[in-house]
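Novice: predicted coordinates and the sequence they were generated for:
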Number of protein chains: 2
Amino acid sequence: MGNQKLFKGSLQTIILKLLEENDKMYGYEITQKVKELTRGELNITEGALYPALHKLEAEGLLEVEVAKVGNRLRKYYKLTESGAKETVNKLAEMQEFLKTMQYLVNPKLSLE
Amino acid sequence: MGNQKLFKGSLQTIILKLLEENDKMYGYEITQKVKELTRGELNITEGALYPALHKLEAEGLLEVEVAKVGNRLRKYYKLTESGAKETVNKLAEMQEFLKTMQYLVNPKLSLE
DNA sequence: TTCAAATGCATAAGAAATTTATGTATATAT
DNA sequence: ATATATACATAAATTTCTTATGCATTTGAA
């Protein structure tokens, strides 16, 4: 770890991408999935995740469905129609960013 | 543009990388070089750049040499010894970040 | 059976990095 | 003349995240 700071600004995109793949997920599930996919390199904190989810919901990109599992609450999030569109945009921007950054820090490894 | 926010957290690394390649550069030159290298995609603002340079200097990673060109002031920055070491670390972290992020948003394009 | 760790949500205070807005001054091109 | 480019700088506001805290249920290990 140590480079968590580089992920600043990419949380929304990560959430949207996961929901594009998985139809619906709840908060805690997202943190675990990200930890798993990044082999522990990125640990999303609750203090970052929940406000981000609330913001995406407020913007109309996500919708919530509350479920009760056993005696415990879960809030499942899924993409709205406009959320799906915005996901495409954000992923394209991210792809562009990654390409640009790759070129900046290592022109030799950039295939363009 | 629009995705300027994704560059959040990577400014220090960009500066260090440029100074690794170019020996010495002054602030305005850095902004122009970055604009050129990214084909206008990343425009570093002065409000971000100068405080960043001052911080790197305060941390002992950069040293300054003031020059007078015509009637105008220029502050050339170059890597210190410890700055050169830190650059290697930061670039490795950036490379790791890019790989992880690429895998997250597009597993198919990730070659590992 | 009890107690720590995991699951699951949430918010508030503080920190860090950046944008936006200003300010100052010289040089160049129209 | 006058706008644009060059060249530095800082302050206020904003965004995004970390750290700290709080509450409650479930599971696993001692």
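Specialist: Nice, thanks for sending it over.

Novice: what parts of chain A come near chain B?
Specialist: Within chain A, the positions near chain B by CB under 8 Å from any CB of the partner chain are A:2-3, A:5-10, A:13-14, A:17, A:34, A:37-38, A:41-42, A:91, A:93-98, A:100-106. Using the backbone N, CA and C atoms, a C-beta is placed for each residue, glycine as well.

Novice: narrow those residues to those that are buried.
Specialist: A:3, A:6-7, A:9-10, A:13-14, A:17, A:34, A:37-38, A:41-42, A:91, A:93-95, A:97-98, A:100-105 (16 or more other CB atoms under 10 Å in any protein chain shown).

Novice: got phi/psi on residue A:65?
Specialist: phi -140, psi 120 (degrees, to the nearest 10).

Novice: contacting residues for the nearest residue to it once chain neighbours are set aside?
Specialist: In space, and not counting its chain neighbours, residue A:65 is closest to residue A:76: 4.6 Å by CB to CB, 6 or more residues apart in numbering or on different chains. Contacts of residue A:76 were listed using CB atoms under 8 Å, 6 or more residues apart in numbering or on different chains, and they are A:24, A:25, A:26, A:64, A:65, A:66, A:67.

Novice: read off the pLDDT value for the fourth one.
Specialist: Note on residue A:64: pLDDT of 97.

Novice: didn't residue A:6 look like it was pressed against residue B:93?
Specialist: Yes: the criterion here is CB atoms under 8 Å, and residue A:6 meets it with residue B:93 at 6.9 Å.

Novice: and stretch A:88-100, what's its mean pLDDT?
Specialist: Stretch A:88-100 comes out at a mean pLDDT of 96.

Novice: oops, could you answer that again for stretch A:104-112 instead?
Specialist: On average, stretch A:104-112 scores 77.

Novice: against which helices or strands is the top helix by length along chain A packed?
Specialist: For chain A, the longest helix by residue count, based on DSSP state H, is helix A:81-105. Counting by 3 or more CB pairs under 8 Å, 6 or more residues apart in numbering or on different chains; DSSP states H and E, the packing neighbours recorded for helix A:81-105 are helix A:11-22, helix B:11-22, helix B:27-37, helix B:81-105.

Novice: for residue A:62, give the beta-bridge partners.
Specialist: residue A:79 (DSSP bridges).

Novice: can I assume it is in contact with residue A:19?
Specialist: Yes: counting by CB under 8 Å, residue A:19 is a contact partner of residue A:62 at 7.2 Å.
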